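> show me how the following folds:
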Amino acid sequence: MATSRTNSRPSGQVTIAFLKCDKVPEEAKEAHGEYQDVLHNLFEPLIPEDSNLELETLSYDVVHRREYPKDDVLAKTDAIVVSGSFEDEAHADAMWILKLAGFLIKKIHRVKDEFPKTRIIGICFGLQVIARAFGPSTIKENPKGWYVPLCGYETP
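You can find the predicted model right below:
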């Protein structure tokens, strides 16, 4: 008999797999902590105090260490968050971006099928890479300097 997702993860725990695509500047790190600390502190107040839920934030450095969550971690993950980045632009063919897009294509489609309640969140750059990986969206340069995902249609 297959184990369901709710039976395979710790009771009372909300797990976020954070795919870190950039480093926090030193002055920001001193004031607010590492990127994953900022994310944790953003989500933690959303958990009701009387719920007995604990937030677990697992961080993976996809730029410098090429770290990604393994299947056993994905099985207990409630949300996958892909961070913003100033390392490269989302449409660039830098090896770490191609690997990140490949991970999203290979693993996230599986997660969506097996664990439909797992949420996938992209922050700026992260959303653009998700759009790039999942197509048919394209990423086009905005003449004003920012890059936006266009989902098969042009905006006026």
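> residues near the closest residue to residue 54 other than its chain neighbours, how many?
Once flanking residues are discounted, residue 54 sits nearest to residue 13: 5.2 Å by Cβ to Cβ, 6 or more residues apart in numbering. Every residue, glycine included, has its C-beta placed from N, CA and C. By other Cβ atoms under 10 Å, 13 other residues sit near residue 13.
> residue 13 is in contact with residue 57, isn't it?
No: contact between residue 13 and residue 57 fails when scored by Cβ atoms under 8 Å: they sit 11.1 Å apart.
> so where is the protein shaky, pLDDT-wise?
1-11, 136-156 (pLDDT under 70).
> at 50 instead, please
Applying pLDDT under 50 to the chain picks out residues 1-8, 148-156.
> what about the strands in it?
According to DSSP state E, the chain carries its strands in the segments 13-20, 54-61, 79-82, 119-122, 138-141, 147-150.
> what would those look like in TSV with distance to residue 98?
Conversion of the strands of the chain to TSV gives the following (distance: least, Cβ to Cβ, whole Å):
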stretch	distance to residue 98
strand 13-20	14
strand 54-61	16
strand 79-82	14
strand 119-122	17
strand 138-141	14
strand 147-150	17
